[in-house]
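K.L.:
Below are the sequence and a predicted model for it; my questions follow.
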Amino acid sequence: MTLAVIAPQPLETIKDYVIKAFEDIPNRQVRKPEEAWKGLIAPFSGQSIIPSRGYIVEMVPVSDLRQVSISWPITYSSNLDERETKLMKPDYYVSHLIGHEGENSLLSLLKKKGLANSVGSSSGTDLSDFNTMDVTIELTNKGLSQIDVVVESVFSYIRMLTTTPVPDYIFDECLNLSELEWRYLTKSDPSKYVTTLATSLQDYDPPLAIAGVARLALSEPRSNFFSDKQRDDTKAATLKLIENLTVDNAMFTVISKTFNGKTDKYKTDYRAREVSSKLKAKWSNPMVGRAEISYPVPNKFIPSEEGLRVKLPVQLDDVPMTFEERMKPISPPAIIRNDERWKAYFKQDDFENPLDAVYSTLYEVSHASKNMRSK
């Protein structure tokens, strides 16, 4: 059992509340139930109602969706391996690469062929002795009819990850962006946040319960690796994960309203078909798009701290404002550009986070308006 509490009261007051509410719950020193079977049953194996490895499961959704998902089980060799993996987060780097949307990405390849609208990648189901790495692709109608090509394209990109070393700048950029996101994290809904904390305590020691889920740099605030060895260790863990993303280790799920067929036992709207050995061989040696995919180019727009000017927080006066002060109009935004093409305004805010907002209004002059002005 893990417990997290968020409240506006002082820490000692919250502590008293927790003790009064939970002190009578006995500690029976019971082991976690999964310890009895942890590591004994290999994921995606054995006989089950829904086949996994070597099958494509076709499901009929309630909504009108067209998508294909590929899932791989990522197992842990020991408790130490599980801990190191969750601290190092190699899945973050793999998701960044597969889910990249720029030039020569997996998504750009699929879009050029008219097969997909979006690509998403992330770690999925997290159980006691393994989790999953998932790739989900939103398909076009053409993509739904060419599932084999879509899946082959995914394995083409994975082949590049295994045969061509991932550049160092990819790891540096991911670490930098993660740290920036962590430093300027905005407040979330308390009910969701406290649930996240309670879950995090199952995976991380209390000092890392807050940062453990969201942050790559867990030792101390940093935006760069301390040494080449530290980066090389991260690269090795990432490559180890990538090597698990094989055809034989994958489970394939396709969702569409166009599928027909019900299961024999529960009459649910799905069916499973075995992947042929010929198709497995084709996916294992993919040829689609080899010349059209590459790693993301260096991102020159990632901010650095060089030359950073810190804006002091606004000091609010505790003295109540007079009626005249409250009625004083707020200064309007300044016009920073005004020509035949643009009229742009700017106003500095007093928020602490480095956020910006751009509002645009585009007007289309109709033929009728042009004729009226010409007259």
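P.N.:
Arrived safely, thanks for sending.
K.L.:
Skipping adjacent residues, who's closest to the most centrally placed residue in the chain in space?
P.N.:
Residue closest to the mean C-alpha point of the chain, counted by C-alpha atoms, centre = their mean, is Ser122 at 5.3 Å. For Ser122, ignoring the flanking residues on the chain, the nearest one in space by C-beta to C-beta, 6 or more residues apart in numbering is Ser95 at 5.0 Å. To be clear about C-beta, it is placed using only N, CA and C from the backbone, and glycine gets the same treatment.
K.L.:
what's the burial count for that neighbour?
P.N.:
19 (other C-beta atoms under 10 Å).
K.L.:
Please report the distance of it from Ser123.
P.N.:
7 Å (C-beta to C-beta, to the nearest Å).
K.L.:
now the helices for the stretch 201-350 of the chain?
P.N.:
228-242, 277-284, 323-327 (DSSP state H, counting those that start in this stretch).
K.L.:
Compare the mean pLDDT across these and name the weakest.
P.N.:
Ranked by mean pLDDT, those bottom out at helix 323-327, with a mean of 79.
K.L.:
host element of Arg31?
P.N.:
Using DSSP states H and E, Arg31 sits in no helix or strand.
K.L.:
so what's it up against?
P.N.:
If you count contacts by C-beta atoms under 8 Å, 6 or more residues apart in numbering, Arg31 has none.
K.L.:
Can you give me the first-to-last residue distance of stretch 247-260?
P.N.:
26 Å (C-alpha to C-alpha, to the nearest Å).
K.L.:
what's the average pLDDT for it?
P.N.:
pLDDT averaged over stretch 247-260 gives 88.
K.L.:
How far away from the center of its chain is it?
P.N.:
Distance of stretch 247-260 from the chain centroid (C-alpha atoms, centre = their mean, to the nearest Å) equals 22 Å.
K.L.:
quick one: Phe301 from Gly102, how far?
P.N.:
12 Å.
K.L.:
Neighbour count for those two, which is higher?
P.N.:
Shown here are Phe301 and Gly102; by other C-beta under 10 Å, Gly102 has more neighbours (10 against 5).
K.L.:
so what's that one closest to, chain neighbours aside?
P.N.:
Pro296 (5.6 Å).
K.L.:
Let me see the ranges of the helices in the stretch 1-150 of the chain.
P.N.:
Using DSSP H, counting those that start in this stretch, helices in the stretch 1-150 of the chain cover 11-22, 79-88, 90-98, 106-112, 141-145, 147-163.
K.L.:
To Glu34, which of those helices lies closest?
P.N.:
helix 79-88 (12.3 Å; C-beta to C-beta).
K.L.:
who's in contact with Phe252?
P.N.:
Tyr55, Ile56, Val57, Val68, Ser69, Ile70, Val151, Val275.
K.L.:
from these, which two are the most distant?
P.N.:
Ser69 and Val275 (14.6 Å).
K.L.:
before we move on, back to that, what's the pLDDT at the residue nearest to Ser122?
P.N.:
95.
K.L.:
do the same with Asn353
P.N.:
59.
K.L.:
wait, Tyr92 sits on Ala214?
P.N.:
No - counting by C-beta atoms under 8 Å, Ala214 is not a contact partner of Tyr92; they are 10.2 Å apart.
K.L.:
Which of these two has more residues huddled nearby?
P.N.:
Tyr92 (17 against 13).
K.L.:
List the residues that contact that one.
P.N.:
Applying C-beta under 8 Å, 6+ apart, the residues contacting Tyr92 are Cys174, Ser178, Leu216.
K.L.:
Below-threshold pLDDT in this structure: ranges please.
P.N.:
39, 45-51, 217-222, 261-268, 305-319, 349-357, 363-375 (pLDDT under 70).
K.L.:
do you know how far Tyr204 is from Lys20?
P.N.:
Tyr204 is 27 Å from Lys20, by C-beta to C-beta.
K.L.:
Just want to know which of those two has more residues nearby.
P.N.:
Set Tyr204 next to Lys20 and count neighbours by other C-beta under 10 Å: Tyr204 wins out with 18 against 9.
K.L.:
Overlap in contacts, Tyr92 and Ala214.
P.N.:
Ser178.
K.L.:
With distance to Ser188 added, can I get the helices of the stretch 1-150 of the chain in JSON lines?
P.N.:
What follows is those, written out as JSON lines (distance: least, C-beta to C-beta, whole Å):
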{"stretch": "helix 11-22", "distance to Ser188": "19"}
{"stretch": "helix 79-88", "distance to Ser188": "21"}
{"stretch": "helix 90-98", "distance to Ser188": "19"}
{"stretch": "helix 106-112", "distance to Ser188": "28"}
{"stretch": "helix 141-145", "distance to Ser188": "34"}
{"stretch": "helix 147-163", "distance to Ser188": "32"}
